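>>> Pasting the sequence and the predicted coordinates here, then a few questions.
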There are 2 protein chains.
Amino acid sequence: MSASPYKQLEQEFKRLHAFRGALSLLRWDAAVMMPRGSADIRGEQLAALETEHHALLTAPRITRLLDRAQANTQGLQDWQVANLREMRRQRDHAIATPVSLISRLAKATSRAEVRWLEARQQGKFELFAPHLEEVVHLVRDKAALLGQALNLAPYDALVDEFSPGITTADIDAMFKGLSRRLPSLIREAIAAQESRPPAPLTGKFPPGKQRALIVEVMKQIGFPFDRGRLDESEHPFTEGVPGDMRVTTRLDPNDLFSGLLGALHETGHAMYDLGLPQDWRDQPVGRDRGMALEESQSLLMEMIICRSRPFVRYVQPLIAKHFGVGGPEWDVENVYAHLTRVRRGLIRVDADELTYPLHIMLRYELEKQLLSGSLAVRDLPDAWKKGMEDRLSIRPGNDSEGCLQDVHWAIGSFGYFPSYALGAVMAGQLYESLRSDVPALDEQLARGEFSGLLGWLRTHVYGLGAKVPVQELLRGATGKPLSATAFIRYIEAKYLEAAPSEAAA
Amino acid sequence: MSASPYKQLEQEFKRLHAFRGALSLLRWDAAVMMPRGSADIRGEQLAALETEHHALLTAPRITRLLDRAQANTQGLQDWQVANLREMRRQRDHAIATPVSLISRLAKATSRAEVRWLEARQQGKFELFAPHLEEVVHLVRDKAALLGQALNLAPYDALVDEFSPGITTADIDAMFKGLSRRLPSLIREAIAAQESRPPAPLTGKFPPGKQRALIVEVMKQIGFPFDRGRLDESEHPFTEGVPGDMRVTTRLDPNDLFSGLLGALHETGHAMYDLGLPQDWRDQPVGRDRGMALEESQSLLMEMIICRSRPFVRYVQPLIAKHFGVGGPEWDVENVYAHLTRVRRGLIRVDADELTYPLHIMLRYELEKQLLSGSLAVRDLPDAWKKGMEDRLSIRPGNDSEGCLQDVHWAIGSFGYFPSYALGAVMAGQLYESLRSDVPALDEQLARGEFSGLLGWLRTHVYGLGAKVPVQELLRGATGKPLSATAFIRYIEAKYLEAAPSEAAA
């Protein structure tokens, strides 16, 4: 007697999961361990495994098994039905794009990424422009094919790859809400902060000691170092699979907080992935619910939990212990003022909670225009400069701090940027419900106790995996559909608070 | 117009090479970087990739292409014809063992390895015995099937997997030659050394400084750190592919030479792999010519080149520089005496050049008996003890320093041990020709100049890849077939030399 079609599919996807884990390790190694001269060889290995993964996922056998399993779902549990739906989703996305297009895109983006790096280093957009043009053309073709197959508008189809269940309409509604409040809020917050500027936090912070502090905090949060690692890389990231999570950060000897908060951002991702339903670890339904929700978890941890007074109360004695620093500039209020400083800056990855969504809005509009053809690649630098002036009243002096700052378009990641702003908004919405469900949250965090936070997230986010669409997950966790209002209430309360002496009571 | 069958095969094997590189990286990471608790997940990833590699290699398409390409080799260069032969060889080996047997063997050896470790730690052979029994049965089946398919005796078929072109007859002839001379030579060498025991080399050797010394020496030899790494692991090993070579060693703060010589042994492997023909890097004919020749390269580097007076002359000032040590015990003669000390010991991996082949001979005889059934697993401990007494006049006090010391049988590696002794003998044979072709070798090595050594090896060994059978390679390099006589001449000269004051002139 052979196994049921559903059970056979579980075996197939277990194998695909192992492939994904291997691919993730190859990428981690490339960024953390690999010698500089080995990039070509690694590229061949990644391409071979990705091609094979694609071939296995789109094999006629999978389609036949899916058809048979979905024709008769009687006797299946709700998790199994959801798993079937996610299997089908993965297969539909994979099969919509012909292998020839995937391969052309892989080659074009690998060339474009090299040229982007050169162009950024030299501040010469023209080195990158022809390659970006090629990538835009190929992504446009891909979006059209994907849109046809998934019955979505082309740009929505790209968004759906990263954040299933999110559409342009959701994104537009969010940005509309944010645009109404952010510009004035930024002005008010900067004015309030200027009246009480923090004392500078100077010093030398040896990487070894920074690492020890970060490991202590990550352990306290519950990161399992027997099934995960912390390393250094040029940009912080998280790779691996639950059971072998690899988090990185970048340690700057002159800035204690960039490395710590980078690591805590990634720990937010890692705790989400580690909290995914154990029984479904190697199945599609056991995966995260897309990049927007992923980003909500990293931003909730970094921006909301760790850039808060309670967390600073917990971490400040640890900083004193590891670095022997003291003095009034290391008081909770002064450190907190540093961690919540609002500034109009040119660089997205350095932006604070308030200005960040405006950086995303600019990219969102420009990438839609590039794909639709209403903006030519050669006009991108000027459109970027104008957009920054309109939104943040600052103008990049060159393209390296302008439209060349992000790698995303070079590697073909169109439709990804909105995830960052969606994540911020989702984090604010989840946080409002979390606070009301866990009234002792602040006292717990000040004691370095993360169980209230993580318990709530396990129940309402982590443990659901990809069982329900993200909108349904949000409604279940917060009672409301996706909306920017809770996020706006959160930033208003945080950045327009009364003078710190009163608030610190 | 589609590509020729041969060209299509090259594409297929290029992809298989990328798979092998990915597998190698997963194994390197497991031994060097992976968190302890992630072994199960890595096991699933390795199994998924290995199964897929096996499926791709044994696909009917490969067989069809091989048949068509081999039916008409007109127009192919000699390298291409040799490549076809090696493709066929890989496919024949892979297809001879049914997937079900491979999978049972994989599971049995993964269980057996865990139990072997426990048994060795506790000195309890009975914990391991039933698992070894299961492995022996499965390997016996595999050897029979492989032998039928390759038209070889079962044990020869196992040897052929590791060291193609080597048979039991070659191994027996080698051991016959060695048995005649080694026992008396060991007695004579020990007696000579006892008359002038070296002064002890004590001190603390911080791992960071050891690493700096090792990196300096490896760079001098030509190891490319922009396309390779040196790391620490429990046992030294080499993984990776040319273009991304990963060498490890084990650093003992109380013993400067174990880490250095472990690294140099692995550097011997790495330089061989790095010297393989660049144009055939991703093809079967561009691979090493089996484990016996691999081992000849690591032993030539470690035992013959680096445990020599000229090398000690080069490295001794570096040791002084890195560790600030001095005094008469660090003189060239005293260091050389340490590096060439002969001792009858129980542990294979600690053995010197003279006693090492006797350790292998014992394992070779016992593994043949286990497979033929003339020795029962339960009688292995006593047979081992008796064998050690007969050969080396010492008796293990327990099985941890007896038949439990090596992992090979637990992981199903029967037919592998002879490679070590074959490698030693081949190294001696190659060295004799190398010395006569490069008369200035000693002076070069004493100056830290490795170009004479590596140039000769590139011409006669590295650059040939797997183009010719190993016996033909040896004959081409040395003018003689495989034989132990050159090795015996080398060890006689080295270990029965006149008093050091005369020799050091």
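Arrived safely.

>>> Output the set of residues of the stretch 1-150 of chain A in proximity to chain B.
Counting by Cβ under 8 Å from any Cβ of the partner chain, the stretch 1-150 of chain A comes close to chain B at A:14-15, A:18-19, A:21-22, A:25-26, A:29, A:33-38, A:40-42, A:44-45, A:47-49, A:51-52, A:56. For the C-beta atoms, the positions are set from N, CA and C on the backbone; glycine is no exception.

>>> Throw together a ChimeraX command that grabs the buried residues out of the residues you listed.
Buried residues within the residues of the stretch 1-150 of chain A next to chain B, by 16 or more other Cβ atoms under 10 Å in any protein chain shown, are selected in ChimeraX with:
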select /A:15,18,19,21,22,25,26,29,33,34,35,38,41,42,44,45,47,48,49,51,52,56
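
>>> Quick one: classify residue A:74 as helix, strand or coil.
The local conformation at residue A:74, judged by DSSP: H, G, I helix; E, B strand; the rest coil, is coil.

>>> Just checking whichever helix or strand residue A:258 is part of against chain B, any contact.
Residue A:258 belongs to helix A:256-275 when assigned by DSSP states H and E. No - using Cβ under 8 Å from any Cβ, helix A:256-275 stays clear of chain B, coming no nearer than 12.0 Å.

>>> just checking, what packs against that helix?
If you count contacts as 3 or more Cβ pairs under 8 Å, 6 or more residues apart in numbering or on different chains; DSSP states H and E, helix A:256-275 packs onto helix A:207-221, strand A:228-232, strand A:238-241, strand A:244-249, helix A:291-299, helix A:309-323, helix A:332-339, helix A:451-460.

>>> Mean neighbour count for those - can I get that in JSON lines?
Putting the helices and strands packed on helix A:256-275 into JSON lines (neighbours: other Cβ atoms under 10 Å in any protein chain shown) gives the following:
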{"stretch": "helix A:207-221", "mean neighbour count": "17"}
{"stretch": "strand A:228-232", "mean neighbour count": "18"}
{"stretch": "strand A:238-241", "mean neighbour count": "23"}
{"stretch": "strand A:244-249", "mean neighbour count": "26"}
{"stretch": "helix A:291-299", "mean neighbour count": "25"}
{"stretch": "helix A:309-323", "mean neighbour count": "19"}
{"stretch": "helix A:332-339", "mean neighbour count": "19"}
{"stretch": "helix A:451-460", "mean neighbour count": "17"}
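
>>> Work out which residue lies at the spatial centre of chain A.
Ranked by distance to the mean C-alpha position of chain A (Cα atoms, centre = their mean), the top residue is residue A:295 at 3.5 Å.

>>> Look up how far residue A:425 lies from it.
Distance of residue A:295 to residue A:425, computed by Cβ to Cβ, to the nearest Å: 10 Å.

>>> what does residue A:272 give?
Distance from residue A:272 to residue A:425, by Cβ to Cβ: 17 Å.

>>> So which of the two has more stuff around it?
Just comparing residue A:272 and residue A:425: by other Cβ atoms under 10 Å in any protein chain shown the higher neighbour count belongs to residue A:425, 30 against 24.

>>> Isn't that one up against residue A:174?
Yes - using Cβ atoms under 8 Å, residue A:425 is in contact with residue A:174, at 5.5 Å.

>>> Please enumerate the shared neighbours of those two.
Residues touching both residue A:425 and residue A:174 (Cβ atoms under 8 Å, 6 or more residues apart in numbering or on different chains) are A:482-484.

>>> Chain B next: which of those residues are close?
Checked against chain B using Cβ under 8 Å from any Cβ, the shared contacts of residue A:425 and residue A:174 yield no neighbours at all.

>>> ok, and the most crowded of these?
Neighbour counts for the shared contacts of residue A:425 and residue A:174 peak at residue A:484, which has 25 neighbours (criterion: other Cβ under 10 Å).

>>> Now that residue. Nearest residue, chain neighbours left out?
residue A:177 (3.6 Å; Cβ to Cβ, 6 or more residues apart in numbering or on different chains).

>>> which helices and strands sit right next to the helix or strand hosting the one you found?
Under the criterion of DSSP H and E, residue A:177 resides in helix A:168-194. Counting contacts by 3+ Cβ pairs under 8 Å, 6+ apart, helix A:168-194 packs against helix A:154-162, helix A:356-372, helix A:418-437, helix A:485-495.

>>> coming back round to it: can I assume the residue nearest to the centre of chain A is in contact with residue A:424?
Yes - using Cβ under 8 Å, residue A:295 is in contact with residue A:424, at 7.5 Å.

>>> residues touching the closest residue to chain B within the stretch 351-500 of chain A, list them.
Here the stretch 351-500 of chain A gets closest to chain B at one residue, residue A:465, 17.4 Å apart by Cβ to the nearest Cβ. Applying Cβ under 8 Å, 6+ apart to residue A:465 gives the contacts A:276-277, A:280, A:285-289.

>>> Including neighbour count, pLDDT and distance to chain B, could the residues you listed go into CSV?
What follows is these, written out as CSV (neighbours: other Cβ atoms under 10 Å in any protein chain shown; pLDDT from 0 to 100; distance: Cβ to the nearest Cβ, whole Å):
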residue, neighbour count, pLDDT, distance to chain B
A:276, 23, 98, 14
A:277, 19, 98, 16
A:280, 20, 98, 15
A:285, 24, 98, 18
A:286, 21, 98, 13
A:287, 21, 97, 15
A:288, 17, 97, 17
A:289, 26, 97, 22
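
>>> Now the two most distant members of those.
The most widely separated members of the contacts of residue A:465, counting by Cβ to Cβ, are A:280 and A:289 (12.6 Å).

>>> How about residues contacting stretch A:484-494?
A:173-174, A:177-178, A:181, A:185, A:304, A:340, A:353-354, A:424-425, A:427-429, A:431-432, A:478, A:480.
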